[in-house]
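In: Got a predicted model here, sequence first, then my questions.
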Amino acid sequence: MKISYSLAAVLVSFSGIAVSDGLAAEPLAVAIESLTSAAEYRTASWGILVADLKTGQSVYELNAEKLFVPASVTKLFSGAAALVALGPDYRFETPLYFRGGIRQDGALVGDLILRASGDPSFGARDSRDGRLAFANHDHTYANSGLTEAELHPGNPLLAIDHLARLVRRAGIRQILGDVLIDDRMFLPFQATGSGPELVSPIMVNDNLVDLIVEPGPRPGTPARYQLRPVTQYFQIDFDVTTSEAVSSTVLTLQAQGEHRISVRGQIPLRSRPLLRILPVDNPRHYARTLLIESLRRHGVRVEASLFRSSNEPLPQPQDYAELPRLGSYRSPPFSEFLKVTLKVSHNLYASALPALIGCQEGGISLEDGLRKQRELLRGLGVDVKSISFGGGAGGAISDYVTPRETVRLLLGIAQRPEWPIFREAMPKIGVDGTLVGMLPIGSPAYAKIAAKTGTLVSPDLLNKRWLLRSKALAGVMTTATGREVAFAIFMNTVPLPIGVGTDREGKLLAAIAEQIYCFAPPATVGGSSEPATGETPGQSRRP
């Protein structure tokens with residue numbers, strides 16, 4: 001379906017109609033329903049709530065008490081809880097220790113130990129200005145059919161190389177023992193959503209290796225590839241040819257045993273470089289390999305092999321106070337991690353947030369973190385008994401929220417000093433992150449809405465198509481009348497036509513947000529609207 005509403009026509013049709021506050025805001029109701037009632041969405045379940053950001057008064061609501069699959073709108077909940085728990089200025093510090101002695105010839109007769117801190121980026125995105133770099137279409141989505149996926153401009157080995165230089169500066173020229181990664185901060189677990197699956201206390205380059213494939217000089221010649229970072233962690237069996245410029249790209253990646261990948265297919269002449277990702281199956285071994293490789297590049301001879309797991313026991317946590325410390329790598333502030341998480345909808349980072357929250361009070365598991373997150377959300381005014389989460393990113397089978405509790409979350413965090421940081425971390429509609437291009441530059445709402453997107457699809461094998469389980473958008477705006485509102489829009493259960501992606505639905509939800517911007521009535525004193533945060537459950541109202 002092509003979304004063919006005309007904003008100008010809608011404005012003309014509503015001219016002369018008095019706009020009243022609250023649930024009977026007729027122009028807004030008509031504008032929204034003109035978009036949600038299309039025949040293509042007859043199977044869809046809709047949940048919408050628009051409320052005044054200061055008073056909580058409802059401006060428009062539809063099925064606001066019903067549970068919906070939130071997809072990546074889940075990240076608003078985990079992100080807000082983590083921002084409150086950690087604070088915007090929190091920094092991850094990853095220290096490097098050694099045990100044993102250093103001989104006069106520079107040989108370490110003992111082990112080098114990196115103690116993981118849970119740093120989600122661990123230098124990979126750090127820029128010189130103290131920020132985290134990101135691309136609107138993140139590389140972690142490269143295997144999900146997102147052809148626009150691109151590399152961020154950071155250096156994936158920035159932290160690893162920094163630690164290797166510390167070893168060299170300490171006068172160590174040879175390591176006779178082992179290189180160890182202590183990743184016991186919390187128990188590793190599976191992420192939800194697409195992209196790398198393993199969440200662990202040590203994460204280098206998002207727990208993956210980037211594979212960049214480029215065509216050769218003419219048809220029939222071998223294509224070329226490079227890895228980022230360059231590493232021996234993976235063995236690549238590469239046989240991809242350059243095809244005619246008018247041909248299509250065909251690329252197949254298949255595991256051929258531990259750390260062995262075969263790559264087959266074709267890439268058209270003059271095609272731009274094609275990005276794919278190779279997720280690692282053991283983040284601890286991956287980090288160890290990269291650290292040993294970096295040490296050797298920096299002139300430190302390492303006797304231990306890249307290709308075997310370490311059998312040396314790790315120190316007890318209390319023993320680190322007595323071990324010599326070579327230094328550490330310190331991350332940018334947590335506000336930067338929140339920005340990347342929300343802007344690009346980073347599933348790995350968001351999945352880690354509950355565990356990082358739990359670690360602040362001695363927790364070691366995802367479950368520990370989610371229980372702490374529950375307390376934090378309650379403190380923000382969320383009725384936690386009305387929602388359900390199985391992870392921090394969206395995509396868990398038990399993830400469900402209501403429009404009302406989503407708006408409550410936004411109203412709650414808006415009352416805190418961290419609010420400007422949280423608002424700035426969300427994508428701006430049309431401008432960046434997952435909302436880039438969702439509204440044209442000429443739209444009156446362009447760049448004036450900050451919101452988190454959500455998309456969740458599952459294969460409909462019966463019909464050889466996709467089922468859109470959720471398309472969601474939630475955030476805040478200052479409307480054309482100067483009123484600050486929070487909103488949540490959920491659309492669940494839409495079969496997608498064969499060969500059609502979800503951009504159509506993404507633009508539909510952006511169009512609904514645009515109507516809210518244009519037609520939400522101005523705030524009035526003593527209005528008749530009921531608070532969006534009211535405790536009395538009941539049937540959702542429709543204007």
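Out: Sure, I can see it. None of these values were measured; they are calculated from a predicted model. Residues are numbered from 1 along each chain as shown.

In: Surely Leu496 and Leu468 touch.
Out: Yes. Contact criterion C-beta atoms under 8 Å: Leu496 and Leu468 qualify, at 5.4 Å. Backbone N, C-alpha and C define where each C-beta goes, glycine included.

In: Mind listing the shared neighbours of those two?
Out: The contact sets of Leu496 and Leu468 overlap at 457, 502 (C-beta atoms under 8 Å, 6 or more residues apart in numbering).

In: From the neighbour counts alone, determine which of those two ranks first.
Out: Legend: neighbour count by other C-beta atoms under 10 Å for Leu496 and Leu468, higher for Leu468 (26 against 18).

In: mind checking how far that one is from Ser458?
Out: Going from Leu468 to Ser458 by C-beta to C-beta, to the nearest Å gives 9 Å.

In: From the domain annotation, what segments belong to each domain of this protein?
Out: For the chain, automatic domain parsing gives the domain ranges 7-70+400-519, 108-334.

In: Tell me how far the host helix or strand of Ala355 lies from the chain's centre.
Out: In this assignment (DSSP states H and E), Ala355 forms part of helix 347-359. Relative to its chain's centre, helix 347-359 lies at 11 Å (C-alpha atoms, centre = their mean, to the nearest Å).

In: re the thing from before, among the domains of the chain, which is the most enclosed?
Out: domain 7-70+400-519 (a mean of 20; mean count of other C-beta atoms under 10 Å).

In: Can you check which residues contact both of Leu468 and Ser458?
Out: By C-beta under 8 Å, 6+ apart, no residue touches both Leu468 and Ser458.

In: re the thing from before, now do the buried residues in the helix holding Ala355.
Out: 347-359 (16 or more other C-beta atoms under 10 Å).

In: So which residues of the stretch 201-350 of the chain form helices?
Out: Assigned by DSSP state H, counting those that start in this stretch, the helices in the stretch 201-350 of the chain fall at 283-297, 334-343, 347-359.

In: Run through this protein and note the low-pLDDT ranges.
Out: For the chain, applying pLDDT under 70 flags the ranges 1-25, 145-147, 525-543.

In: longest helix anywhere in it?
Out: Counting residues, the longest helix found in the chain (DSSP state H) is helix 503-519.

In: In contact with the residue nearest to Ala170 when sequence neighbours are not counted, which residues?
Out: Nearest residue to Ala170, sequence neighbours excluded (C-beta to C-beta, 6 or more residues apart in numbering): Leu326, at 5.3 Å. Contacts of Leu326 were listed using C-beta under 8 Å, 6+ apart, and they are 96-98, 163, 166-167, 170.

In: Next: Ser345.
Out: 72, 75, 138, 193, 433-434, 452-454.

In: show me where the stretch 201-350 of the chain has strands.
Out: With DSSP state E, counting those that start in this stretch as the criterion, the stretch 201-350 of the chain has strands at 208-214, 224-228, 235-243, 250-255, 260-268, 274-279, 301-302, 325-330.

In: The stretch 401-543 of the chain now?
Out: Along the stretch 401-543 of the chain, counting by DSSP E, counting those that start in this stretch, strands occupy 449-460, 465-478, 484-496.

In: neighbouring strands for the last one, and are they parallel or not?
Out: Think strand 484-496. Sheet neighbours of strand 484-496, with direction, are listed as strand 45-52 (antiparallel), strand 465-478 (antiparallel) (DSSP bridges).

In: for the ones you listed, which one sits closest to Ser121?
Out: strand 465-478 (24.2 Å; C-beta to C-beta).

In: how far does the closest one sit from the chain's center?
Out: Relative to its chain's centre, strand 465-478 lies at 15 Å (C-alpha atoms, centre = their mean).

In: what is the orientation angle of it with strand 449-460?
Out: Angle, strand 465-478 to strand 449-460, by axes from the mean of the first three to the mean of the last three C-alpha atoms, to 10 degrees: 170 degrees.

In: CA atoms only for strand 465-478, dumped as CSV, please.
Out: The C-alpha trace of strand 465-478 is given here as CSV (Å, rounded to 0.1, in the frame of the first residue of the first chain):
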residue,chain,number,x,y,z
ARG,A,465,6.0,-14.5,3.6
TRP,A,466,6.7,-12.6,6.8
LEU,A,467,4.4,-11.8,9.6
LEU,A,468,4.9,-8.3,11.1
ARG,A,469,4.4,-9.1,14.8
SER,A,470,5.0,-5.5,15.8
LYS,A,471,5.7,-2.1,14.5
ALA,A,472,6.0,0.5,17.2
LEU,A,473,7.0,4.1,17.8
ALA,A,474,7.1,5.9,21.2
GLY,A,475,8.6,9.2,22.2
VAL,A,476,7.9,12.9,22.8
MET,A,477,7.4,16.1,20.9
THR,A,478,6.5,19.7,21.2
